[in-house]
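>>> I'd like to go over a predicted model; first the sequence, then the structure.
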Amino acid sequence: MISIKSEKDIDGIRESCKIVRDTLRFVEKRIHAGMTTGEVDRLAYEYITGCGAIPSCLGYEGYPASTCVSVNEVVVHGIPSERVLKEGDVVSVDLCVLKNGWQGDGARTFLIGTPSEADKRLVDVTRQCFFEAIDGLKAGSPLYDIGYRVQTYAESNGFGVVRSFTGHGIGREMHEDPSVPNFGKKGTGMRLKAGMVLCIEPMITAGDWRVVTLPDGWTSVTRDGSKAAHYENTVVIREDGVEILTV
């Protein structure tokens, strides 16, 4: 069931989303070659809890960390560990925050050191996929126009679009209906309504779009070993557009 949020509900989600945004900015300023992905996770944990909030990923369906830190060929759900970040790594950090009963969710991809032009372009295109997706989006828009726009922009730039994972609704729960794919047919899907709160999150690969989940049950990597990037914001559907809560 898809819930329509009241303005009071949205205010609650907005507060959690502000912490998501600020945590990602905090991490961005401190992430560097030589630190481990576990240290990145601890930075985020300390910031989130310092805001009086809860890192929702910690313990979610048994997930063992506060964030997902996905390096290079890892698309999503990279478990923080003793892996040391190196110059040239492409690192996606995805996190969710719970405060006062409301969830907020966001992800960014960071480039360690001086990036190659190819890696910079991958990250830039992934970010722009999000903004292409919301251009003209409003109440009444077909749901799958989001994925159509992501897919069209990514593939026109020579990149792959992951099909195995999608965006989602959000509210009291981290994952709510509807699913929000990053691919689709223009003009199809349910019509969006004002007050829906969605997480739109392009997951884009430099090569083949197919992914494989490792034996740990979480870590998802590109099948061909190509690098991947991830960009996510929580948004509110409005009558005349969208409001982004995590920027």
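Right, received. Where do you want to start?
>>> Could you give the number of residues near residue 33?
Residue 33 has 12 neighbours, counted by other CB atoms under 10 Å. (C-beta placed from N, C-alpha, C; glycine too.)
>>> Which residues are in contact with it?
Contacts here follow CB atoms under 8 Å, 6 or more residues apart in numbering; on that basis residue 33 touches 85-87, 89, 112-113.
>>> For ChimeraX, write the select line for the buried members of those.
Per 16 or more other CB atoms under 10 Å, the buried members of the contacts of residue 33 correspond to this ChimeraX selection:
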select :85,89,112
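>>> Please convert the contacts of residue 33 to JSON lines, extending it with pLDDT, secondary structure and distance to residue 5.
Output for the contacts of residue 33, formatted as JSON lines (pLDDT from 0 to 100; DSSP: H, G, I helix; E, B strand; the rest coil; distance: CB to CB, whole Å):
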{"residue": "85", "pLDDT": "98", "secondary structure": "coil", "distance to residue 5": "37"}
{"residue": "86", "pLDDT": "98", "secondary structure": "coil", "distance to residue 5": "42"}
{"residue": "87", "pLDDT": "97", "secondary structure": "coil", "distance to residue 5": "43"}
{"residue": "89", "pLDDT": "98", "secondary structure": "coil", "distance to residue 5": "37"}
{"residue": "112", "pLDDT": "98", "secondary structure": "coil", "distance to residue 5": "37"}
{"residue": "113", "pLDDT": "96", "secondary structure": "coil", "distance to residue 5": "41"}
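>>> so which of the contacts of residue 33 comes closest to residue 162?
Closest approach between those and residue 162, by CB to CB: residue 89, at 19.3 Å.
>>> I'd assumed residue 112 was in contact with that closest one.
Yes - with contact defined as CB atoms under 8 Å, residue 89 reaches residue 112; the gap is 4.3 Å.
>>> what residues are up against residue 155?
Neighbours of residue 155 in contact, by CB under 8 Å, 6+ apart: residue 161.
>>> Kindly provide the distance from it to residue 91.
24 Å (CB to CB, to the nearest Å).
>>> Repeat that for residue 158.
Per CB to CB, residue 158 is found 22 Å from residue 91.
>>> Which one of those two is surrounded by more residues?
Counted by other CB under 10 Å, residue 158 and residue 91 do not tie: residue 91 has more neighbours, with 22 against 11.
>>> In three-state terms, label the more buried one for me.
The local conformation at residue 91, judged by DSSP: H, G, I helix; E, B strand; the rest coil, is strand.
>>> Which pLDDT value belongs to the residue nearest to it when sequence neighbours are not counted?
Nearest residue to residue 91, sequence neighbours excluded (CB to CB, 6 or more residues apart in numbering): residue 110, at 4.9 Å. pLDDT recorded at residue 110 is 98.
>>> next one: residue 88
97.
>>> Verify the contact between it and residue 112 for me.
Yes - the criterion here is CB under 8 Å, and residue 88 meets it with residue 112 at 6.5 Å.
>>> all helices in the protein, in order from the N-terminus.
For the chain, applying DSSP state H gives helices covering 7-30, 37-50, 117-134, 145-156.
>>> What residues sit buried inside the third one?
With burial defined by 16+ other CB under 10 Å, the residues of helix 117-134 counted as buried are 119, 121-123, 125-130, 132-134.
>>> related to what we said a few turns ago, rebuild the helices of the chain as JSON lines, extending it with mean pLDDT.
Shown next, in JSON lines, are the helices of the chain (pLDDT from 0 to 100):
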{"stretch": "helix 7-30", "mean pLDDT": "98"}
{"stretch": "helix 37-50", "mean pLDDT": "98"}
{"stretch": "helix 117-134", "mean pLDDT": "98"}
{"stretch": "helix 145-156", "mean pLDDT": "98"}
